[in-house]
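Enquirer: dropping the sequence and predicted coords here.
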Amino acid sequence: MARRLALLAALLVLAVLFLLPLVAVFAEALRRGWDVALAAIAEPDALAAISLTLLVAAIAVPVNLLGGVAAAWCIAKFDFPGKRLLVTLVELPFAVSPVISGLVWVLLFGAHGWLGPWLQAHGLRIVFALPGLVLATVFVTFPFVARTLIPLMQDQGREEEEAAATLGAGGLQTFFRVTLPNIRWALLSGVLLCNARAMGEFGAVSVVSGHVRGQTNTMPLHVEILYNEYQFAGAFAVAALLALLALVTLGAKALLERLAGRQAGAAG
Amino acid sequence: MTGARTDPSFAAPARRALLAGAAALALPVPARAQEATLLNVSYDPTREFYRDYNAAFATQWRARSGQALRVNTSHGGSGRQARSVIDGLEADVVTLALAYDIDSIADRGLIAADWQARLPQDSAPYTSTIVFLVRKGNPKGLRDWGDLAKPGLQVITPNPKTSGGARWNYLAAWAWAQRQGNPEEFVARLYRNVPVLDTGARGSTTTFAQRGLGDVLLAWENEAHLALKEFGEGRFDIVAPSLSILAEPPVAVVDRVVDRRGTRAVAEAYLQGLYAPEAQRLAARHFYRPRDAAILAEHAATFPSLDLVTIAAFGGWREAQKTHFADGGAFDRLYRPGR
């Protein structure tokens, strides 16, 4: 009885906290019909926002894939001075407010930032342009890959790598032949989570974007603009598309995990 | 050229190359290189006005100079927008809510110090004022500033630290209270009725109109009219207080940027165009008070004549900023959130 109550409570919380807002987004998007929703998405500024969002994610996610794997590998497989510090650094983006994650880039690369005058003299633009958006996104989404991998790699221990080393495998060979196959499913799910967050990031990106329509607006920022312009149907249409992208990403992750489970079952 | 077509010595490869060259010239690539772009960094409530003006000016500019023009815009709280320009957002022109925000850009050397004298009317091509937007039928019976400090009332206004409109709201209330005797005490009571300070004017309007929070919105006159239009005439009323402030949102060319990008001519024409009759009419249609007296008279029904004080009554923006909005100023003293 108690278990059933607990289950019911959990389902209720899930429905109210997650399902209801999601339904509301789609309902609002379609309130004035499919044609209005589609028109809002096909509008040039919206298309620019969508392609910018995909472009930023397409750069940020591979960067975090490499960085995350490297960090996790170092932390899980080696001992070195400052390892604790590295672990803390990996988690830093989770701990600081996204606004700070954006502001640091303005402080570094803004016109009055540390490197600002040098950049300006060389005609380079980082904040209020694509590089700034990418930097902010990379920073915010860095922990997703590393945090998914570290516990798994620590659990797996070092025996297999050590065996490979005694058999004469080099570092890279060990990594690609032994370590990577062991972590591939976790890695994929980390990458997908990272991607979902990269597309949806608002706070940090808002600080470095400059909000130029059709140029430096990502989808979440475009949603805010439309909402502020009283174009509620359009705002929710773009929001629904964003939610849909996230759902597809999460769906892919769930599917992968099932596949991984089946394969592990077959192997075991 | 006709000779070339019949001349047998004009070898086929050469002809093909010539045709390819002609085709390349016809491609839009050189035309696109010719296209000029301007970035107008503006504040919140001007979105609709500049969307129309940008299109009108681009057509005009093309007719005048033969050059295609695309005007990009960025909108947000006025103070935050000024901050972005200071931090390197490459605005060719800024069209902000108050002179102080442009002053602070000028202080960093991006705009000449005498910017306000470069265009007529202190570089403010349109004006506005602060009015009350209340729920239909004015259920709380709000007629003047004094009514807003009544206990239990909810007043919606943005944060004067980040929003230009909010500073005009605050100063309008202050100007009224000054005539009653104790402005600081009154404004403190008024802000005690503010449940949430949004960062920009548009955020406050959405809070009031869309989310249904509060009894009264302190708003730009243009913003109040726009809300009537967007949300339906049947939902709100506009109340004009006995005294308000003449808000003069100024415009300026960002010298450092236009000189670097070579866009000075088009940027200056863009701002001068705001004073032309067509733009003045466009401003009136978007509920900004036109500077042109004849056009203002055409819209007398929309813009009632009010008792308006100007920023000069506060000793100018720098003085007002220092006394009221700087850290430790009057606003910091009188506003305690969550009380």
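Expert: Looks like it came in fine.
Enquirer: so where's the stretch 151-300 of chain B shaky on pLDDT?
Expert: Scanning the stretch 151-300 of chain B for pLDDT under 70 picks out no residues.
Enquirer: can you dump the C-alpha atoms of stretch A:60-73 in CSV for me?
Expert: As requested, the backbone C-alpha atoms of stretch A:60-73 are provided in CSV (Å, rounded to 0.1, in the frame of the first residue of the first chain):
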residue,chain,number,x,y,z
ALA,A,60,30.4,22.8,-28.7
VAL,A,61,29.4,19.1,-28.5
PRO,A,62,32.5,17.7,-30.3
VAL,A,63,34.7,20.0,-28.2
ASN,A,64,33.2,18.7,-25.1
LEU,A,65,33.4,15.2,-26.3
LEU,A,66,37.1,15.4,-26.7
GLY,A,67,37.6,17.5,-23.5
GLY,A,68,35.3,15.4,-21.5
VAL,A,69,36.9,12.1,-22.5
ALA,A,70,40.4,13.5,-21.9
ALA,A,71,39.4,14.8,-18.4
ALA,A,72,37.6,11.6,-17.4
TRP,A,73,40.5,9.5,-18.6
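Enquirer: who touches that stretch?
Expert: Judged by Cβ atoms under 8 Å, 6 or more residues apart in numbering or on different chains, the contacts made with stretch A:60-73 from elsewhere in the structure are A:86, A:90, A:134, A:137-138, A:141-146, A:148-150, A:153, A:175, A:179, A:183, A:187, A:190-191, A:194-195, A:198. For every residue, glycine as well, the C-beta is placed using N, CA and C.
Enquirer: ok, of these, which come out buried?
Expert: Of all these considered here, the ones buried according to neighbour count by 16 or more other Cβ atoms under 10 Å in any protein chain shown are A:90, A:134, A:137-138, A:141-146, A:148-150, A:153, A:175, A:179, A:183, A:187, A:190-191, A:194-195, A:198.
Enquirer: in helices only, show me those residues.
Expert: If you go by DSSP state H, the buried ones among the contacts of stretch A:60-73 have A:90, A:134, A:137-138, A:141-146, A:148-150, A:153, A:183, A:187, A:190-191, A:194-195, A:198 in helices.
Enquirer: what lies in contact with stretch A:24-34?
Expert: Defining contact as Cβ under 8 Å, 6+ apart, one finds that stretch A:24-34 is touched by A:37, A:232, A:233, A:236, A:237, A:239, A:240, A:243.
Enquirer: for chain A, what are the nearby residues on the stretch 201-339 of chain B?
Expert: The stretch 201-339 of chain B comes close to chain A at residues B:202, B:203, B:206, B:210, B:230, B:231, as judged by Cβ under 8 Å from any Cβ of the partner chain.
Enquirer: name the nearest residue to the second one, sequence neighbours excluded.
Expert: What that stands for is residue B:203. What sits nearest to residue B:203 in space, not counting adjacent residues and going by Cβ to Cβ, 6 or more residues apart in numbering or on different chains, is residue B:158, at 6.3 Å.
Enquirer: how much space between residue B:126 and residue B:53?
Expert: From residue B:126 over to residue B:53 the distance is 10 Å, taken as Cβ to Cβ, to the nearest Å.
Enquirer: just residue A:196 next, same as before
Expert: The span separating residue A:196 from residue B:53 equals 39 Å under the rule Cβ to Cβ.
Enquirer: where does residue B:280 fall, secondary structure wise?
Expert: Assigning secondary structure by DSSP states H and E places residue B:280 in helix B:277-285.
Enquirer: who does that helix touch, helix- and strand-wise?
Expert: For helix B:277-285, the elements it packs on are helix B:47-65, strand B:289-290, helix B:293-298, judged by 3 or more Cβ pairs under 8 Å, 6 or more residues apart in numbering or on different chains; DSSP states H and E.
Enquirer: what does the shortest one contact?
Expert: What it means is strand B:289-290. Contacting residues not belonging to strand B:289-290 are listed as B:126, B:127, B:128, B:129, B:221, B:280, B:281, B:283, B:284, B:296, B:299, B:303 [Cβ under 8 Å, 6+ apart].
Enquirer: coming back round to it: could you say which of the helices and strands packed on helix B:277-285 is packed most deeply?
Expert: Among those, the stretch with the highest mean neighbour count (mean count of other Cβ atoms under 10 Å in any protein chain shown) is strand B:289-290, at a mean of 24.
Enquirer: you'd agree residue A:207 is up against residue A:102?
Expert: Yes - proximity of residue A:207 to residue A:102 meets the contact threshold set by Cβ atoms under 8 Å, at 2.8 Å.
Enquirer: please enumerate the shared neighbours of the two.
Expert: Taking Cβ under 8 Å, 6+ apart as the contact rule, residue A:207 and residue A:102 both touch residue A:136.
Enquirer: these two: which has the busier surroundings?
Expert: Neighbour comparison, residue A:207 and residue A:102: the larger count goes to residue A:102, with 27 against 23 (by other Cβ atoms under 10 Å in any protein chain shown).
Enquirer: shared neighbours, residue B:126 and residue B:53?
Expert: Residues touching both residue B:126 and residue B:53 comprise residue B:274, with contact defined as Cβ under 8 Å, 6+ apart.
Enquirer: which residues does residue B:199 contact?
Expert: Neighbour list for residue B:199: B:77, B:80, B:158, B:159, B:162, B:163 [criterion: Cβ under 8 Å, 6+ apart].
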